[in-house]
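J.: A predicted structure for the sequence below; I have some questions about it.
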Amino acid sequence: MQHMTQLSPHRHHAIDYVELTVTDLEQAKRFYTEAFGWRFNDYGPGYAGIQSPQGEAAPEVGGLRTGQEARAGGPFLLLYSTDLDRSVEAVKNAGGQVVNGPYEFPGGRRFHFTDPSGNELGVWAEA
């Protein structure tokens, strides 16, 4: 658990993490490593976190997620929240629709929503 006096590297409601859906995780890791020098944190056969270029001590900047096909509309954006429940309410009050969650995952909680145009984004908070 993070000490209360330590500042979080995450900023409230800022774009915080980008997930790319890939059909072959190992092939995608090879591609991004060769093309851009990216390094990864492996979380099992279906997910790899993209390490920050600032080093292993910095938060991940994104992830590669195995899926049947790439998501229509491109990468999946995740925003960070200091109060996930208030963010859920803010999305609903602004006319968005929560389509998944909130749910827990290792390290925190998150939910997915669609904006009025149908774009799907996510919001996460630390545990």
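T.: In hand now; what should we look at? Since the model is a prediction, treat every value here as computed from it, not as a measurement.

J.: where does pLDDT dip in this protein?
T.: 1-6, 71-72 (pLDDT under 70).

J.: what sits up against the longest helix seen in it?
T.: In the chain, assigned by DSSP state H, the helix with the most residues is helix 25-36. Outside helix 25-36, the residues that touch it by Cβ atoms under 8 Å, 6 or more residues apart in numbering are Leu20, Val22, Trp38, Arg39, Phe40, Pro45, Gly46, Tyr47, Ala48, Ile50, Leu64, Thr66. (Each C-beta comes from the backbone N, C-alpha and C, glycine too.)

J.: now list the buried members of those residues.
T.: Buried positions within the contacts of helix 25-36, assessed by neighbour count (16 or more other Cβ atoms under 10 Å), are Leu20, Val22, Trp38, Phe40, Ala48, Ile50, Leu64, Thr66.

J.: before we move on, the earlier item: tell me the strands beside the helix or strand following the longest helix of the chain, with direction?
T.: Next helix or strand after helix 25-36 toward the C-terminus (DSSP states H and E): strand 40-42. Here strand 40-42 is paired, per DSSP bridges, with strand 47-50 (antiparallel).
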